[in-house]
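In: everything below, folded, please.
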Amino acid sequence: MVVAGEEAGQRLDRVLAARTALSRTRLKALILDGAVAIGPRTIRDPGYRVNAGEIVAIDVPPPEPAEPEGERIPLNVVYEDDDIIVIDKPAGLVVHPAAGHASGTLVNALIAHCGDSLSGIGGVKRPGIVHRLDKDTSGLMVVAKNDAAHHSLAAQFADHGRTGPMQRGYLAFAWGAFDRPTGTIEAPIDRHPTSRTKMAVRAGGREAATHWQTLERYPGIDGKPAAGLVACRLTTGRTHQIRVHLAHAGYPLLGDATYATGFKTKAAQLPPAAREALAALGRQALHAYLLAIEHPRLGKMLEFRSELPVELARLHHALSAR
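Out: Reported below is the predicted structural model:
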């Protein structure tokens with residue numbers, strides 16, 4: 001839609017409410033979720049004052065069931081008690097229902113596994129969920145089974161281990177090799193200016209910090225560094241943070257079809273076995289291997305570690321072979 005002259009200076013949510021059948025409450029949620037753009041810019045402020053002639057685009061997701069149903073999806077339960085459940089999530093499993101994934105999610109599996117014993121704070125579509133992993137990222141997640149646990153875990157994840165003992169660790173196989181053993185990437189992250197499915201480092205975005213440590217370096221067929229294994233720790237929790245930060249630094253994840261598009265030809269630099277393992281991977285080479293939290297009720301620290309899943313272990317073996 002094109003903003004008319006008489007609409008200039010009005011709030012964005014008011015203009016859209018007058019032009020569509022959606023309520024201002026619904027429109028505000030869509031704007032905050034990044035579903036509204038003016039030209040190439042995503043607008044996240046419902047109070048943005050529009051200008052005559054601006055072209056406003058709104059992406060309204062299709063309606064979905066109000067409440068997800070339980071589904072008997074196998075879960076790898078690492079730990080469970082009356083307060084929390086820790087899951088080792090496989091790659092390919094979506095965490096909660098969203099556009100295009102109304103069923104077959106971790107939430108559907110948890111409802112079947114836990115019954116009514118999940119915290120309701122996250123709403124009907126995200127019961128007990130206090131953090132998430134991308135669909136194609138494997139590894140450890142904790143879910144709250146009651147509201148008290150949800151409050152405690154949410155506070156720990158909001159702090160991201162900056163002042164508390166909580167830790168989240170990731171293993172990432174990245175293209176190239178950092179020239180230092182450790183470092184920190186600090187760069188703000190926001191929605192990509194032209195693609196709603198991507199994030200990007202952008203001025204004015206939300207602060208984000210990724211701490212990395214090089215664990216291994218892998219030479220290519222020419223003997224030069226081709227890839228490396230990096231341990232990452234987060235002190236913020238932005239969408240796609242590790243993937244975006246490593247790509248921004250010039251070391252995108254192996255197998256990342258979204259953020260490593262310019263690195264596809266680099267597979268030719270890998271030894272044959274590694275090329276084959278990468279081709280079979282079918283997802284970004286990222287695994288949440290470490291989760292340390294304070295138990296919400298007992299107050300003691302719990303630490304969980306997850307071994308590389310089979311497909312990443314195969315890639316690791318092939319890259320490490322001499």
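
In: can I take it that residue 315 is in a helix?
Out: Yes: membership of residue 315 in a helix is supported by DSSP: H, G, I helix; E, B strand; the rest coil.

In: spell out the secondary structure type for the nearest residue to it once chain neighbours are set aside.
Out: Among residues not flanking residue 315 along the chain, residue 277 sits closest, at 4.3 Å (CB to CB, 6 or more residues apart in numbering). C-beta coordinates here come from the backbone N, C-alpha and C atoms, glycine included. Classification of residue 277 by three-state DSSP places it in helix.

In: hang on, residue 1 packs against residue 54?
Out: No: look at residue 1 against residue 54 with CB atoms under 8 Å: they stay out of range, at 9.3 Å.

In: the more surrounded of the two?
Out: The neighbour comparison of residue 1 against residue 54 (other CB atoms under 10 Å) goes to residue 54, with 18 against 13.

In: that one and residue 130, how far apart?
Out: 38 Å (CB to CB, to the nearest Å).

In: could you do residue 95 as well?
Out: Distance from residue 95 to residue 130, by CB to CB: 11 Å.

In: on that earlier part again, what's the pLDDT at the residue nearest to residue 315?
Out: Per-residue confidence (pLDDT) for residue 277: 97.

In: same question for residue 66.
Out: At residue 66, the model reports a pLDDT of 53.

In: lowest confidence element among the helices and strands of this structure?
Out: One helix or strand of the chain scores below all others by mean pLDDT, DSSP states H and E: helix 24-32, with a mean of 85.

In: send the alpha carbons of that one over as CSV?
Out: Below are the C-alpha coordinates for helix 24-32, written out as CSV (Å, rounded to 0.1, in the frame of the first residue of the first chain):
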residue,chain,number,x,y,z
ARG,A,24,-4.4,-2.6,16.1
THR,A,25,-3.3,-5.1,18.7
ARG,A,26,-2.7,-7.7,16.0
LEU,A,27,-0.9,-5.1,13.9
LYS,A,28,1.3,-4.0,16.8
ALA,A,29,2.4,-7.6,17.3
LEU,A,30,3.2,-8.0,13.6
ILE,A,31,5.2,-4.8,13.6
LEU,A,32,7.2,-5.8,16.7
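
In: and that helix, what's buried?
Out: Across helix 24-32, burial judged by 16 or more other CB atoms under 10 Å covers 27, 28, 30, 31.
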